[in-house]
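Colleague: coordinates only, sequence not included:
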């Protein structure tokens with residue numbers, strides 16, 4: 001009697017092993033995850049301005065100045081870029097202003113009342129953060145703002161403006177003297193976000 005029960009147990013064990021080997025019983029593995037933190041340090045740089053070394057205007061005659069006011073565009077087509085490079089990474093902004101010296105010749109004669117008019121042109125370097133330069137500015141011997149950043153356009157990166165629309169205005173002058181005249185434009189970059197963008201158009 002006990003022998004029959006042992007044979008039945010063997011047969012049942014064989015059925016169980018068979019069901020495991022045919023995949024009818026699946027044992028799921030537990031999921032596990034791990035995390036790794038990444039880090040990088042971005043180091044800020046400097047801010048700077050570069051201006052063309054010269055801007056040349058077409059020659060004029062004494063007769064043309066005596067007869068009436070002149071407004072001559074600059075003749076320099078290349079290398080006339082005014083560029084601000086802001087690599088600080090702070091969004092602190094800046095203002096760019098300019099002034100000019102009297103326009104004189106080697107004998108000390110001055111083009112009386114003559115001034116350079118800074119006329120904005122198409123932005124050369126695409127930059128969504130670039131401040132807008134929208135107003136013509138007549139230069140004087142004191143700094144006049146050309147353009148400035150705002151909270152929406154902080155000027156980060158590289159921004160270049162073409163100066164090929166700058167003009168020289170010479171008023172009528174019966175006493176003008178012949179000669180080679182020259183002057184100096186001084187551009188100034190002032191870091192810091194101004195209260196508002198430069199929009200003035202002063203008259204000398």
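Modeller: Sure thing, it's come through. On a predicted model such as this, the values are computed, not experimentally measured, just so you know.
Colleague: please report phi then psi for residue 66.
Modeller: Backbone torsions of residue 66, given as degrees, to the nearest 10, read phi -60, psi -40.
Colleague: show me where this structure has its helices.
Modeller: Assigned by DSSP state H, the helices in the chain fall at 2-21, 62-67.
Colleague: mean pLDDT lowest where, among those?
Modeller: Least confident of those, judged by mean pLDDT, is helix 2-21 with a mean of 46.
Colleague: show the pLDDT at the closest residue to residue 183 other than its chain neighbours.
Modeller: Counting by C-beta to C-beta, 6 or more residues apart in numbering, residue 103 is the residue found nearest to residue 183 once chain neighbours are left out, at 4.0 Å. Bear in mind the C-beta positions are built from the backbone N, C-alpha and C, glycine included. The per-residue pLDDT reported for residue 103 equals 96.
Colleague: distance check, residue 103 against residue 91.
Modeller: From residue 103 across to residue 91, the span is 39 Å (C-beta to C-beta, to the nearest Å).
Colleague: same question for residue 137.
Modeller: Distance from residue 137 to residue 91, by C-beta to C-beta: 25 Å.
Colleague: of those two, who's got more company?
Modeller: residue 137 (22 against 14; other C-beta atoms under 10 Å).
Colleague: I'd assumed residue 147 was in contact with that one.
Modeller: No - between residue 137 and residue 147 there is no contact under C-beta atoms under 8 Å: 9.1 Å.
Colleague: which stretches of this structure aren't confidently modelled?
Modeller: Under the criterion pLDDT under 70, the flagged ranges of the chain are 1-28, 76-79, 195-204.
Colleague: the protein: strands as residue ranges?
Modeller: Ranges of strands in the chain, per DSSP state E, are 47-50, 70-73, 81-86, 94-100, 104-105, 115-118, 137-138, 144-148, 157-162, 167-170, 181-182, 185-191.
Colleague: residues of the first one that come out buried?
Modeller: What it means is strand 47-50. Buried positions in strand 47-50, judged by neighbour count with 16 or more other C-beta atoms under 10 Å: residue 47.
Colleague: who touches it?
Modeller: Residues outside strand 47-50 that contact it (C-beta atoms under 8 Å, 6 or more residues apart in numbering): 81-88, 94, 96, 187, 189, 191.
Colleague: go through those residues and say which is closest to residue 119.
Modeller: Using C-beta to C-beta, residue 82 is the member of these that sits closest to residue 119, with 12.1 Å.
Colleague: just list the residues touching the closest residue to that closest one other than its chain neighbours, thanks.
Modeller: Once flanking residues are discounted, residue 82 sits nearest to residue 161: 4.8 Å by C-beta to C-beta, 6+ apart. By C-beta under 8 Å, 6+ apart, the contact list for residue 161 reads 81, 82, 83, 120, 121, 123, 124, 133, 147.
Colleague: ok, now residue 165?
Modeller: By C-beta under 8 Å, 6+ apart, the contact list for residue 165 reads 73, 74, 119, 120, 121.
Colleague: what about the residue nearest the centre of the chain, distance to residue 31?
Modeller: Geometric centre of the chain, nearest residue: residue 159, 2.9 Å, by C-alpha atoms, centre = their mean. Relative to residue 31, residue 159 is positioned 51 Å away (C-beta to C-beta).
Colleague: no further questions, thank you.
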